[in-house]
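Colleague: okay, predicted coordinates and the sequence, questions at the end:
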Amino acid sequence: MPVSLELAALSGIMDERMESVILAVFLRFKEVREMKRENLTMLVDFYEMTMGNGYFMQGLEDKIAYFDMFFRKIPENGGVALAAGLEQFVDYIKDLKFTEDDLDFLRKKGFNEGFLDYLRNFKFKCDVWAIPEGTPIFPGEPVMTVRGPVIQAQFIETMALLIFNHQSLIATKSSRIVRAAQGRPVMEFGSRRAHGASAAIMGARAAYIGGCAGTACANCEPDYGIPALGTMAHSWVQLFDTEYEAFYKYAQIYPDNCVLLVDTYDTIKSGVPNAIRVFDELKPTKKGIRIDSGDITYLTKKVRKMLDDAGHPDCTITISNSLDEYLIKDILLQGACIDSFGVGERLITSRAEPVFGGVYKLCATEDEKGNVIPKIKISNNVEKVTNPGYKKVYRLYDKDSGYAFGDYLCLADEPEPGEEDLKAVNTTAAQHYKNLYNYVAKPLQQQIFKGGELVYELPTLQQIRAHREDCLAHTWEECLRFENPHIYNVYLSTKLWNLRNQMLGNVPKE
């Protein structure tokens, strides 16, 4: 990709021609990406294998079970989380296969030979429904529902959670940071601080879903079509005898994307004057500076005036250095002059709260006649009590404003919400009954697999980003605050609420 594309991305300029270049690169390397895919079948918690072996030995391998994947709390007490990772989950399901080495390992662990034969001929047969990537999601609602033979539906728990928890965490954090930047491009700069290679790559993907303009992780462009961004490190400047020489040589090589790192020695007295001198002499068509240390507000105000006075108002200013949404918000409130941000460790690790607490729980089974039998998990911790049964989830939009005002969970055999008023229980407030009216209801989950066959057309990352933008455009600003956000309501139908209470009052006894 031409280096000029990088600066265009930094400036928020991405025309159709540039997007077509990115798409072409992505398609060109798609086959390479498929070849590099790992077989992660055995990346499971070992109890998935012990339970699977046990189910098989009890003759339950064809028993139909339903599992819900959901989460209990939005990170950092935020108002909105974002779903991410579905594409990688689909890739994982498509690649499920047990090798003879896998079976030899399990044989040494004492597993039943009949169970090993079952794994040798393993074919995924489950139905899967999921909320698409980029969609705002809220605690307690099923982000994914899996129905199928219990061995299979149970087996995929670990990877479903691993993928969803990580990417949803980073997408959610990135969205917060991007919103704080108020329309200025944010670049993901965290590869060197990520928790491993996969976390760097998948984190960059999730950050792009969350709204970042691109990533410093180079292989994300050929693999995923995410713009790879970056110019120079301090070592480039240090390697030359003078800062001026370092800048001059770089501008000669990259006249269409001359972004100079000006804080190696002294930003005001040395870096910016040398950058201005090079800009005057070589006249690069695209020029910018980056500052990676110091008092950002003071420096950017001072530097902006220096650049403007020298006749370079088109020179962009990029800031990096341990940024997050709170610092970005503060320095912009203080009048900092910034065109784009590079955000690293606090994004790629979601440093303030690095865990997304998604869980995967059994919610129902089927008897021999195909009747759904609801199941519930009870806990002394109220937030850990699950919602029983096979359920559907809808997003309710106010007819007048078009904004989402709540999500509605009901049992799958209940009528789809239509024009009629709904009586529901608000589980996010005082668990009181509420009448819902003047709404448009849209189902959140889409079917991904049917009988083990993929029936969902995976969107491109650009489509996912557009979906995220549209969803957030129909989310109340009060829900997007960083501090004390409005609590988005999640409602249960009265039928589901009554079933839950009935089951809580009928705990199985010996």
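Modeller: Sure, I can see it. Residues are numbered from 1 along each chain as shown.
Colleague: distance of residue 426 relative to residue 434?
Modeller: 5 Å (Cβ to Cβ, to the nearest Å). C-beta coordinates here come from the backbone N, C-alpha and C atoms, glycine included.
Colleague: quick one: which of those two has more around it?
Modeller: residue 426 (17 against 14; other Cβ atoms under 10 Å).
Colleague: pretty sure the more buried one sits against residue 436.
Modeller: No: using Cβ atoms under 8 Å, residue 426 is not in contact with residue 436; the gap is 9.5 Å.
Colleague: what's the overlap in contacts for residue 426 and residue 434?
Modeller: Counting by Cβ atoms under 8 Å, 6 or more residues apart in numbering, the contacts common to residue 426 and residue 434 are residue 491.
Colleague: can you pull the phi/psi pair for residue 136?
Modeller: Taking degrees, to the nearest 10, you get phi -60, psi 140 for the backbone angles of residue 136.
Colleague: might you report the residue contacts of it?
Modeller: Contacts of residue 136 (Cβ under 8 Å, 6+ apart): 80, 81, 82, 83, 404, 471, 472, 475.
Colleague: quick check: chain neighbours aside, which residue is closest to it?
Modeller: In this structure, residue 136 finds its nearest non-sequential neighbour in residue 80, 4.8 Å apart by Cβ to Cβ, 6 or more residues apart in numbering.
Colleague: okay but the one you found is in contact with residue 488, surely?
Modeller: Yes: using Cβ under 8 Å, residue 80 is in contact with residue 488, at 7.1 Å.
Colleague: so for those two, which residues contact both of them?
Modeller: Between them, residue 80 and residue 488 share these contacting residues under Cβ under 8 Å, 6+ apart: 138, 479.
Colleague: if I look at the residue nearest to residue 136, how far off is residue 315?
Modeller: 35 Å.
Colleague: compare the two and say which one has the larger neighbour count.
Modeller: Applying other Cβ under 10 Å to residue 80 and residue 315 shows that residue 315 carries more neighbours, namely 25 against 22.
Colleague: any idea how far that one is from residue 276?
Modeller: Distance of residue 315 to residue 276, computed by Cβ to Cβ: 8 Å.
Colleague: before we move on, what about residue 229?
Modeller: The gap separating residue 229 from residue 276 is 24 Å, by Cβ to Cβ.
Colleague: using PDB, write down the CA coordinates of stretch 448-462.
Modeller: Written as PDB, here are the backbone C-alpha positions of stretch 448-462 (Å, rounded to 0.1, in the frame of the first residue of the first chain):
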ATOM      1  CA  ILE A 448     -25.000 -18.600  12.300                       C
ATOM      2  CA  PHE A 449     -25.000 -22.400  12.000                       C
ATOM      3  CA  LYS A 450     -27.900 -24.700  11.300                       C
ATOM      4  CA  GLY A 451     -27.300 -28.400  11.900                       C
ATOM      5  CA  GLY A 452     -23.500 -27.600  11.800                       C
ATOM      6  CA  GLU A 453     -23.700 -25.900   8.400                       C
ATOM      7  CA  LEU A 454     -22.700 -22.200   8.100                       C
ATOM      8  CA  VAL A 455     -25.800 -20.200   7.100                       C
ATOM      9  CA  TYR A 456     -24.600 -16.700   7.900                       C
ATOM     10  CA  GLU A 457     -22.700 -14.500   5.400                       C
ATOM     11  CA  LEU A 458     -19.800 -13.000   7.400                       C
ATOM     12  CA  PRO A 459     -19.700  -9.200   6.900                       C
ATOM     13  CA  THR A 460     -16.500  -7.400   6.000                       C
ATOM     14  CA  LEU A 461     -14.700  -5.400   8.700                       C
ATOM     15  CA  GLN A 462     -15.900  -2.200   6.900                       C
END
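Colleague: which positions within it qualify as buried?
Modeller: 448, 449, 452, 456, 459, 461 (16 or more other Cβ atoms under 10 Å).
Colleague: in terms of helices and strands, where is the nearest residue to residue 243 once chain neighbours are set aside?
Modeller: Leaving aside its sequence neighbours, residue 243 sits nearest to residue 274 (Cβ to Cβ, 6+ apart; 5.0 Å). Taking DSSP states H and E as the criterion, residue 274 maps to helix 272-282.
Colleague: one more: residue 53?
Modeller: Assigned by DSSP H and E, residue 53 falls within helix 46-57.
Colleague: over that helix, what's the mean pLDDT, rounded is fine.
Modeller: If you average the pLDDT over helix 46-57, you get 98.
Colleague: name the residues that touch the helix or strand following that helix?
Modeller: Remark: after helix 46-57, the chain's next helix or strand is strand 64-71, criterion DSSP H and E. Strand 64-71 is contacted from outside by 81, 137, 139-150, 153-154, 157, 160-161, 164-165, 168, 356-366, 370, 372, 386-387, 390-391, using Cβ under 8 Å, 6+ apart.
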